[in-house]
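Q: model the structure of this input:
(2 chains, ligands or ions: 1)
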Amino acid sequence: MKYYLPESLAAYLQLRHKLAGKDVVLLAGGTDLMPRYERGTPLPDHLVDLKQLSQLSSISVSDNHIEIGALTSIQDLHDHAIIQDEFRALYQAAHEFAGTQIRHRGTIGGNICNASPAGDLLPALYAFGTTLEVTGRAGSRTLPLSDFILGPGKTALRDGELLTSLRLPRDHFESQFIKVGLRRSMAISVINLALVYRRLKISFTELQIAAGAVAPTIVMLDIFTKAYLMDPARLSDHIHLIEEAISPIDDIRATANYRRTVLKNLIADFLKNS
Amino acid sequence: MKPPTHTIGNRQNRVDARGKTTGATRFVTDIQVDNMLHAAPVYSSIPHGLLFGLDFTPAESDPDFVAFFSASDIPGENQVGVIIEDQPLMADKIVRYIGDSVGILVAKTAESAQRLAQLVELKINVLDPVFSINESRDATENFLHETNLACQHQVKRGDLKTAFNEADHIIEATFETPFQEHYYLEPQGCIAQPSATGGIYILGSIQCPFYVQKAVSKALKLPFAKIKVEQAPTGGAFGGKEDIPSEVCTRAALAAHRLNQPVKMIYGRVDDAQLTSKRHPFQMHYKVGVSKAGKILAADIKLEENAGAYATLSSVVSYRSAMQAMGPYVIPNISVESRSYYTNLPPTGAFRGFGSPQAAFGHERMMDIIAAELNIDPVELRLQNVLKVDTETQTGHRLSASVGAEETLRTAAAAANWTAQEVSENPRFKTGYGVSLIHYGNCLGAAGWFMDGSGAKIKVHRDGSISVAFGLIEMGQGALTVVNQMTAEALGVDPARITVLPTDTDQVPDSGPSVASRNVVMTGNAIRDAARQLLRILKEAAAELMQCDLNEIKIENDTVLNTRNAETLPFEELASYLYLSNRPMDVLGWWHVPELDYDALKGIGEAYFTYSYATHIAKVQVDTLTGQVRIDKIWASHDVGRAINPAGLEAQIEGGTAQGIGWALTENFKLELGKVLTDNLTTYLLPTALDVGEIESIIVEDPEPEGPWGAKGIGEPAIIPTAAAIVNAVSNALGKAVNKIPVIPEDILKALNEKSTGMNEDSTDYAACLKSNRKPGQPQYNREKPWPPPNDC
Ligand SMILES: Cc1cc2nc3c(=O)[nH]c(=O)nc-3n(C[C@H](O)[C@H](O)[C@H](O)COP(=O)(O)OP(=O)(O)OC[C@H]3O[C@@H](n4cnc5c(N)ncnc54)[C@H](O)[C@@H]3O)c2cc1C
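A: Prediction:
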């Protein structure tokens, strides 16, 4: 395996030009990659370490958007005042993420590109309507997060491309992240979800729910939320729509049935009691 | 007479804290030796089969390959069974579990050794495996060993039949407890090297250097005198390094001996999980007769244990669980049968408590089930039956002193405000309280009495510094600190003078294993014996120097005092005079457990010389939406006789309680067809600080006359009551009996949705892990394609 440490985006693009079509893996915090290699996944022929691309690790705020560099650590995300105020669910996801060491090392770009069905930042990012900027030799393109993640471990990245940044609209929604793991910290989510909403007094006027670990990719529960917003009094009649939108599996952590039940329980409880 | 108290009872910082927190402490893995080679185990990936060949030629051509050794290379006996001789050092005819070692591969680097070990081809005729206790017990042929019963112990006392006839209620229940992984942070490892005596020198992460010495001697046909085994700083053990290092070190020693070169072998985490021993899963049936008023009249108990492929320490587990099966209560009529069965799973062996946490889960769940049936408060029921001075244990051992059971119960109940329990205000959560009371026989007991002696050697140097060697070991539990304290106390000197040496077999006679919560009791008494002898020498010399009578000399507060004229002498000067007057400067102290009156056939008599007692009360919240159990708080009250180092004691209580929480809730050990699925920290979930909640330690001191300064053991009592207390609390919260651990969210949700009486009613048949793990309709074991497993993470 050959290791590279490009010092700028330009150097990165040049390098990828040289390595076109080759077996290349990008390394950000390494918190997903290293355990995998330790576990026996064969090393790639070329490993490109992104840690010197410091222009990709900042958060910038404009009137309408917040732009987060792909190499922003989970900790920096967590500590950012605007994230804490306006993107509460994202802040909460960062708060419940792993432990101190991993939060300092792991990046938001890594969480997205790893494309795990259980990635903790993903539900909030989906529910806030995140778009991504992806850069390659041909320049940059933007696409919605939901078009970027194609399946477990699969993304729309093309040869040579990297994720450079994310953009979230500053819509001033209220929001809530909920995580269920098999212990209270350092746990892979058995269920995670983000609820993004606006309320008038006690009734919801807008509502987006994104659920993780219940399908190959994050699921937006749009059919359910639409039905619910139209007729909130009949919540129990709509609940089955959640089940119909998801396709959970049995794995070493939990059964599909458990995931189904708990997701319904948590959403119903939130809508009734918050 | 109360001895002068200088250091005993003080909160003492650990003497090894600095090195371990700064990283200066060097563990085996950190240590490099010139010309050192590296070894990795080669083992079976088939749970049961006839081994008819080994082919290491695929590895041989690699430039890093050095050697491969298997059974035929062993000059002595191919036998490493610690109590029952059923375990080859390297399997040569039959492999009995996934992980059964057939050889070791030696290479130039650790990475190459790991890699090349996987290239060795094992030629195996696959046999049908047996995984469950029931299959093993009921088998009529194709036994794993001569029979499938690894060992058994029993207690038969009183007249069960009459007592059951007289009972107002007869209550029965079945319980199951799972495997548990030790998960010491430092995996198994050692360095073996040829020594100057023509023998072997081993430095290893080990709990009993003397076991290793014996095992190496047997396999290599070397005299004990030529085998030196030294304990390296050890990163946790919990019983997992009692006997396993005998295999690990002896295999490395074989390679070092044959190659005449140092060989290091460190297990990777995944190998460690698959190869090494774990806690025995138990299935238990209790039938208890009680009077209307709540007096226990009779108990008929059957305990069955999954021993895995080899007996290792199963007989200690079946002995202890039998002796303690019904807990610290007066039970005049009792029958206990405790049996361990071989299966094709990793061997189960020593683990903090030796079957006690399992038996405690049985008797303490039973007490709560009885309390519910009789509508008596659980604490009240326990108080009615609890052991006191001048009562007899279930084995008929009349207790004459140091029975703090009742006080632990009362203090814990008072601290938890048991009679005014809080109720959750949020309907989402159900609050539950649970209590659990246990006793724990200190040291090895009647079955191990012949080896229950330990030593300590104290040496005064001419500059006044003092070194102590002891035969037991530090494995993270705080032994070095209390050995330091007890030596200072016994001699009347400043603890700062004292250096406690790493344990090695050349220093002190065979002192047995550091298990059974015996270190403080054994080493403390040995220190007192050594100090008695040494003080005589010191006082003789001082009397000579200060020209007075020996009886007039006192050594206290680090000074030598002539009580006739109040003249004093610095300790250094006395040490120097000791040397100049040609006196011996070191002495060996020894202590053995008093002889025990015990009938092994009936299991009646003094099973142990004394007992530690403990009560845990757990307060939990059950989340009705997710089925998760959150521990709010655990009150842990322990009768330890005397707290030598209260700070260390509390750390033991907290650590044990946390490990008990893990066993009860998060550490959901999973196997599939003999393969450990939860073989790393991603899937085997140890509780984190958040999961543990608050622990309030309460120390009860009911002194044991035979204990050093009154002390008894704490290492194991700390974990024993925890799981039962938690599950009693969960049952209390749900209003339903939960009789199986781990308690996982899925099962709680199911219980919440069922209208029936209890969870796990249908699960009497088999060890929790396998059952919960085999999905409905999943194919049975396939002879043609036994493995590999699906890759989850
Ligand atoms: C102990 C532990 C606990 C954890 N806990 C959690 C948790 O609670 N919740 C959770 O969601 N995850 C958790 N994780 C997983 C992991 O930490 C996160 O997914 C993290 O966000 C990954 O970021 P990284 O920078 O370390 O990714 P890396 O491991 O460096 O990369 C992950 C993948 O993304 C690709 N990649 C990274 N950056 C880019 C980029 N800019 N452009 C294109 N491709 C890129 C890499 O090539 C690789 O395929 C945990 C991991 C560990 C080891």
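Q: element containing B:Leu649?
A: helix B:646-661 (DSSP states H and E).
Q: and that helix, which residues are buried?
A: B:646, B:648-661 (16 or more other C-beta atoms under 10 Å in any protein chain shown). In short, each C-beta sits where N, CA and C put it, glycine included.
Q: so for it, mean pLDDT?
A: Per-residue pLDDT over helix B:646-661 has a mean of 98.
Q: the ligand contacts on the stretch 1-150 of chain A?
A: Selection of the stretch 1-150 of chain A residues close to the ligand by C-beta under 6 Å from any ligand atom yields A:25-33, A:35, A:50, A:70, A:97-98, A:102, A:105-107, A:109-111, A:113-114, A:119-120.
Q: just the buried subset of those, please.
A: Buried among those (16+ other C-beta under 10 Å): A:26-33, A:50, A:70, A:97-98, A:102, A:105-107, A:109-111, A:113-114, A:119-120.
Q: in strands only, show me those residues.
A: If you go by DSSP state E, these have A:Leu26, A:Leu27 in strands.
Q: so who does B:Arg462 touch?
A: B:Arg462 sits next to B:Ala575, B:Ser576, B:Leu578, B:Tyr579, B:Met585 when contact means C-beta atoms under 8 Å, 6 or more residues apart in numbering or on different chains.
Q: and for it, nearest residue in space, chain neighbours not counted?
A: Closest residue to B:Arg462 apart from its sequence neighbours, by C-beta to C-beta, 6 or more residues apart in numbering or on different chains: B:Tyr579 at 3.9 Å.
Q: go ahead and confirm that neighbour touches B:Asp586.
A: No. With contact defined as C-beta atoms under 8 Å, B:Tyr579 does not count as touching B:Asp586 (11.8 Å).
Q: residue contacts, the closest residue to B:Gly710 other than its chain neighbours?
A: Nearest non-adjacent residue to B:Gly710, counting by C-beta to C-beta, 6+ apart: B:Pro703, 2.8 Å away. Shown in contact with B:Pro703 (C-beta under 8 Å, 6+ apart): B:Ala401, B:Ser402, B:Gly641, B:Arg642, B:Trp709, B:Gly710, B:Ala711.
Q: tell me the most packed of the residues you listed, by neighbour count.
A: Most neighbours among the contacts of B:Pro703, by other C-beta atoms under 10 Å in any protein chain shown: B:Gly641, with 30 neighbours.
Q: which of the three states applies to that one?
A: coil (DSSP: H, G, I helix; E, B strand; the rest coil).
Q: what does B:Val155 give?
A: strand.
Q: name whatever forms a beta bridge with it.
A: B:Val336 (DSSP bridges).
Q: that one reaches B:Val336, doesn't it?
A: Yes. B:Val155 lies in contact with B:Val336 (C-beta under 8 Å); the separation is 4.2 Å.
Q: now the contacts of B:Arg462: which count as buried?
A: For these, buried by 16+ other C-beta under 10 Å: B:Ala575, B:Ser576, B:Leu578, B:Met585.
Q: make CSV from the residues you listed and add secondary structure and distance to B:Ile84 to it.
A: CSV is the format used below for those (DSSP: H, G, I helix; E, B strand; the rest coil; distance: C-beta to C-beta, whole Å):
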residue, secondary structure, distance to B:Ile84
B:Ala575, helix, 49
B:Ser576, helix, 53
B:Leu578, helix, 48
B:Met585, coil, 43
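Q: which of those residues sit farthest apart?
A: Spatial extent of the buried ones among the contacts of B:Arg462 (C-beta to C-beta) is set by the pair B:Ser576 and B:Met585 at 11.1 Å.
Q: do me a favour and average the pLDDT over the helix or strand encompassing A:Tyr3.
A: Take DSSP H and E as the rule and A:Tyr3 turns out to sit in strand A:2-4. In this model, strand A:2-4 carries a mean pLDDT of 98.
Q: re the thing from before, overlap in contacts, B:Val155 and B:Val336.
A: B:Ala322, B:Ala325, B:Gln394, B:Gly603.
Q: distance of the last one from B:Asn442?
A: In this case it means B:Gly603. The spacing between B:Gly603 and B:Asn442, counted by C-beta to C-beta, to the nearest Å, is 18 Å.
Q: just how off-centre is the helix holding B:Leu649 within its chain?
A: The chain centre lies 14 Å from the centre of helix B:646-661; the measure is C-alpha atoms, centre = their mean, to the nearest Å.
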